[in-house]
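**Student:** build me a model from this:
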Amino acid sequence: MPDARFDLLFDGTLKPEADPADARQRLRAVFKLDAAGIERLFGGKPVMIKRDVDAATAARFKRIFDEAGAILGLTLIESSEAPANQPAATHPPQAPGALQLAPMDGFLEEPHEVKMLDLDTSYLSLVPGPEWSLEDCEPRLPQTRLPDISHLTLADKDEGPDDDQDLR
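**Tutor:** As a prediction, this is how the structure comes out:
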């Protein structure tokens, strides 16, 4: 499609990461627009930027809008020589190795296989009934038996000069 022709439309849509004020300023400087012109460009209604341009011109304008953070719409003009069953392209042909959008019904890449751990969840259960609180979810600690220390007593310790030697 070397002789493809395009109409260039802009409806004020910006890239998600673009700064609106910066995008307006860049486009204003590139196209030498006054305040009314830039407001018309970002008015929310599609504005025809250029009609019936070749693929190279369309790519150049698309790059300018991309660098400004704006999204330029490209519409392929159907020519009378083109076959009727040829789908309309929305972007000019790109150089080999350039990034392209994935088809709408496909994936960018095949999903990776996820290996699930074999976890034992047989000890888990739901709390029955509507009357429950977060305290019901507390794990129940097993009852530990305290050792019998009733036979132990505390002895008085005499403080004296010999006590320091016991510590060595």
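**Student:** surely residue 53 is within a strand?
**Tutor:** Yes. Checked against DSSP: H, G, I helix; E, B strand; the rest coil, residue 53 lies within a strand.
**Student:** most centrally placed residue in this structure?
**Tutor:** Centroid-nearest residue in the chain, with CA atoms, centre = their mean: residue 16, separated by 10.0 Å.
**Student:** what helix or strand is that one on?
**Tutor:** Residue 16 belongs to no helix or strand when assigned by DSSP states H and E.
**Student:** which residues does it contact?
**Tutor:** The contact partners of residue 16, taken as CB atoms under 8 Å, 6 or more residues apart in numbering, number zero. Any C-beta I mention is one placed from the backbone N, CA and C, and that applies to glycine too.
**Student:** show me which residues of stretch 16-34 are buried.
**Tutor:** Within stretch 16-34, the residues that count as buried by 16 or more other CB atoms under 10 Å are 18, 23-24, 26-28.
**Student:** shaky segments in this protein?
**Tutor:** 1-2, 79-108, 127, 159-168 (pLDDT under 70).
**Student:** all strands for it, in order.
**Tutor:** For the chain, the strands defined by DSSP state E occupy 5-10, 47-54, 73-76.
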